[in-house]
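Chemist: Provided below are the primary sequence and the corresponding predicted coordinates.
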Amino acid sequence: MTTSRDPNSNGAPLRAAAELRMAGEYDRLEAAAALAEAEESELRVLVAAREHLGMDVSYCSHLTADEEIIQSVDGDGRSFGLQPGSTIPIDDAFGQRVVDGCLPNLIPDAQHDERVADLVPTLGSYVGVPVSFSDGRLYGTLCCASHPAAPWLRDRDVAFLRVLGRMLAHELERREIERTAQHHRDEAIALSALFAGLDARDSYTGRHSEAVVELSVQVTRELNMPEIFVEEVKRVALLHDIGKIGIPDAVLGKQGPLDDSEWELMRTHPVIGARIVASIDTLAPLAPAIRAEHERCDGGGYPDGLVREQIPLASRITFACDAYHAMISSRPYRAKPMQAAAAEAELRANAGTQFDPAVVDALLRIVSQGPGLPPSVQGLHASRIERP
């Protein structure tokens, strides 16, 4: 962010500033709202604040647990030691004490106010308001300061600064949303590349993951889970086999049964998958569920031997759906797939030991629907029903 401006480059905000100075209180707030509608930038908000209040400097700060970080400055920031990126220890910061309610929003004569004698930077007058996002999160403060006292400042000036603070919060939140959206797009591209690489080595995995996602979503809804959890399960199911990208081709695509050492390698894929997912910020919360997707209720699973509720519910749902689809699918290491009835019997027989009983009950209700099955499972399920 910049610390200076060309006086000829910001004609619109300066004209708005002049209008606000000339207007009455109602007109000032109305003009501020017009600035918001025009989505003026952060710097223009600072210009407006400093100009209208007649102060030497205006600045936006971000408050953390340890310090106040100056984000942007308009006016004579250098004489106050205020530059973008500069920090003030939180115990010395005006902004934090104002947010905490220990200091008022307006201090017209700081030199004769003992409450601020120990704070930095040294100021003659100060106005500051919190800057909070629409979800209630505190970002920091919008402040104006001068070296001399400013006895003309009144509560109406604080009210005006609050309006500008809301405008600034809107701009900062919009930027945060844009950055997050771009981050998600970048991660989706990276994830697509991972799946493309895995699918090129083992085309079954992509089709299998699609079927597991669809089954898992239906089972989760059958369990009356909230939609936000349905989305979490969908992502866990989609990613549950991503660790197979780290399994050697000789094992992943072997024709015929795997030997003990090969199964040992294959059983590392949940750990590999969890590491991959943990390295992607927005997906990292899913890593424990990816790691636990092959854990059993009786503690006989891998890699950690978790039992019952120690296993995330998303893992338990995905595990049962994964196992069912694998049982009715053709795989190189198995002579032939199971019939649907045999796979369902296997689920029932292992409910409470291998699988969560409630999940098994929900899954069996789903697969019993026949035409109600997800499209990627329906044809496969029908082909595995024994004909008389």
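Modeler: Cool, got the structure.
Chemist: does S329 touch P337 like I think?
Modeler: Yes - with contact taken as Cβ atoms under 8 Å, S329 and P337 are classed as touching, separated by 5.5 Å. Glycine gets a C-beta too; all of them are placed from N, C-alpha and C.
Chemist: in the chain, which helix is the longest?
Modeler: Ranked by residue count, the top helix of the chain under DSSP state H comes out as helix 155-201.
Chemist: can you count the residues close to E309?
Modeler: As a burial measure, the neighbour count of E309 was computed by other Cβ atoms under 10 Å and equals 10.
Chemist: in the stretch 201-350 of the chain, which spans are helices?
Modeler: When assigned using DSSP state H, counting those that start in this stretch, the helices of the stretch 201-350 of the chain occupy the ranges 203-222, 227-239, 249-252, 260-266, 269-278, 287-291, 313-327, 340-349.
Chemist: A358: which of these is closest?
Modeler: The closest approach between A358 and any of the helices of the stretch 201-350 of the chain, judged by Cβ to Cβ, belongs to helix 313-327 at 8.6 Å.
Chemist: what's the closest one in contact with?
Modeler: Under the criterion Cβ atoms under 8 Å, 6 or more residues apart in numbering, residues 208, 211-212, 215-216, 219-220, 223, 225, 229, 232-233, 236-237, 240, 286, 289-290, 292-295, 297, 337-338, 342-344, 346-347, 354-356, 359-360, 363, 367, 377, 380 lie in contact with helix 313-327.
Chemist: buried among those? Make that a PyMOL selection.
Modeler: In PyMOL, the members of the contacts of helix 313-327 classed as buried (16 or more other Cβ atoms under 10 Å) are selected with the following command:
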select buried, resi 208+211+212+215+216+219+220+223+225+232+233+236+237+240+286+289+290+292+293+294+295+297+337+338+343+344+346+347+354+355+356+359+360+363+367+377+380
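Chemist: which of the helices of the stretch 201-350 of the chain comes out lowest on mean pLDDT?
Modeler: Taking the mean pLDDT of each of the helices of the stretch 201-350 of the chain, the lowest value is held by helix 249-252, a mean of 82.
Chemist: and that helix, what does it pack onto?
Modeler: Helices and strands touching helix 249-252, as assessed by 3 or more Cβ pairs under 8 Å, 6 or more residues apart in numbering; DSSP states H and E, comprise helix 260-266.
Chemist: which parts of the helix it packs on are buried?
Modeler: Taking 16+ other Cβ under 10 Å as the neighbour-count basis, helix 260-266 is seen to contain the buried residues E262, L265, M266.
Chemist: give me the contact list for it.
Modeler: With Cβ under 8 Å, 6+ apart as the contact definition, helix 260-266 has outside contacts at I247, P248, V251, L252, K254, L258.
Chemist: if any of those residues are buried, put those into a PyMOL selection.
Modeler: Written as a PyMOL command, the selection of buried residues from the contacts of helix 260-266, which uses 16+ other Cβ under 10 Å, is:
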select buried, resi 247+251+252
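Chemist: could you chop this protein up by domain?
Modeler: 11-177, 202-383 (automatic domain parsing).
Chemist: now these as JSON lines including distance to F195?
Modeler: Converted to JSON lines, the domains of the chain look like this (distance: least, Cβ to Cβ, whole Å):
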{"stretch": "domain 11-177", "distance to F195": "26"}
{"stretch": "domain 202-383", "distance to F195": "6"}
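Chemist: between these, which gets nearest to H184?
Modeler: The stretch from these with the least distance to H184 (Cβ to Cβ) is domain 202-383; that distance is 6.2 Å.
Chemist: how about stretch 310-326: buried residues?
Modeler: Within stretch 310-326, the residues that count as buried by 16+ other Cβ under 10 Å are 311-326.
Chemist: from memory M338 sits against I328, does it?
Modeler: Yes - when contacts are counted by Cβ under 8 Å, M338 is listed as touching I328 (5.8 Å).
Chemist: circling back to that earlier point, what's the least confident stretch among the domains of the chain?
Modeler: Across those, the stretch with the lowest average pLDDT is domain 11-177; it has a mean of 81.
Chemist: what distance separates it from the centre of its chain?
Modeler: 28 Å (Cα atoms, centre = their mean, to the nearest Å).
Chemist: hmm, back to that, report the distance from the longest helix of the chain to the chain centre.
Modeler: Mean-position distance between helix 155-201 and its chain equals 9 Å (Cα atoms, centre = their mean).
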